[in-house]
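*Asks:* Sequence and predicted structure below; questions after.
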Amino acid sequence: TQLLEQSPQFLSIQEGENLTVYCNSSSVFSSLQWYRQEPGEGPVLLVTVVTGGEVKKLKRLTFQFGDARKDSSLHITAAQPGDTGLYLCAGMNRDDKIIFGKGTRLHILP
Amino acid sequence: DVKVTQSSRYLVKRTGEKVFLECVQDMDHENMFWYRQDPGLGLRLIYFSYDVKMKEKGDIPEGYSVSREKKERFSLILESASTNQTSMYLCASSLWNTEAFFGQGTRLTVV
């Protein structure tokens, strides 16, 4: 069974700090996606990474896909209260089903 | 922009009722999905469909059925609602082998 493990499960930091969250698997994925979900809403797609070693930036968010396409990281620079939410990684498995990690719940304190 | 619309944001139903959750997408996506999301368990796939009238069971199909009569519409049916089906239900759609786009979610409470 292909699994995506996210860490940490919870993270609470002060506004202005930097942070990194991780998405790891023992399996290779053709692509990985990162989503952010706010309370009571559906997940919103942030980025898709496809190529091993790929780095994508979205303002203060930097996404990296591991060279072996088994893991990914999300780095946030100078976190702001608006970054608060549940961050989910997802990947397409061998059966063409999208599987999700359980998420990292991030809380930025003003 | 891709738009996935779920018919209700909040629903309260009684045990034993038949419940219909509707989802519509406007981007001509082949694939559509129904997930439920519960604290500590993450998103779990109930059913998905890769074409009209086609459906595949996900990880937790028991107690649910689905219908896809038109490409843009995917319905989730709770045949006889039970309290353990109280959850956040999320519909998503995608092109083949690409990322999924989600609706806003339906918070269902079964009393």
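*Replies:* Arrived safely.
*Asks:* Mind pulling the model confidence for residue 74?
*Replies:* By default, I'm working from chain A. Residue A:74 carries a pLDDT score of 98 in this model.
*Asks:* You answered for a different chain; I wanted chain B.
*Replies:* 98.
*Asks:* same deal with residue A:94?
*Replies:* Confidence score, pLDDT, at residue A:94: 69.
*Asks:* Next: residue A:109.
*Replies:* 94.
*Asks:* who touches residue A:91 in this structure?
*Replies:* A:2, A:4, A:25, A:29-33, A:98-99 (C-beta atoms under 8 Å, 6 or more residues apart in numbering or on different chains). Bear in mind the C-beta positions are built from the backbone N, C-alpha and C, glycine included.
*Asks:* helix or strand for the most centrally placed residue in chain B, which one?
*Replies:* Centroid check for chain B by C-alpha atoms, centre = their mean gives residue B:34 as the closest residue, at 3.0 Å. For residue B:34, the enclosing helix or strand under DSSP states H and E is strand B:31-38.
*Asks:* helices or strands up against that strand?
*Replies:* With contacts taken as 3 or more C-beta pairs under 8 Å, 6 or more residues apart in numbering or on different chains; DSSP states H and E, strand B:31-38 sits against strand B:19-25, strand B:42-49, strand B:64-70, strand B:73-78, strand B:87-94.
*Asks:* Run through who's touching the third one.
*Replies:* Looking back up the chat, that one is strand B:64-70. For strand B:64-70, using C-beta under 8 Å, 6+ apart, the contacting residues are B:32, B:34, B:46-47, B:49, B:51-55, B:74-79.
*Asks:* Quick check on these: which are buried?
*Replies:* Neighbour-count burial (16 or more other C-beta atoms under 10 Å in any protein chain shown) applied to the contacts of strand B:64-70 gives B:32, B:34, B:46-47, B:49, B:55, B:74-76, B:78.
*Asks:* what residue ranges in the chain score low on pLDDT?
*Replies:* Let's take chain A. A:1, A:94 (pLDDT under 70).
*Asks:* hmm, I had chain B in mind actually
*Replies:* Short version for chain B, where the test is pLDDT under 70: B:2.
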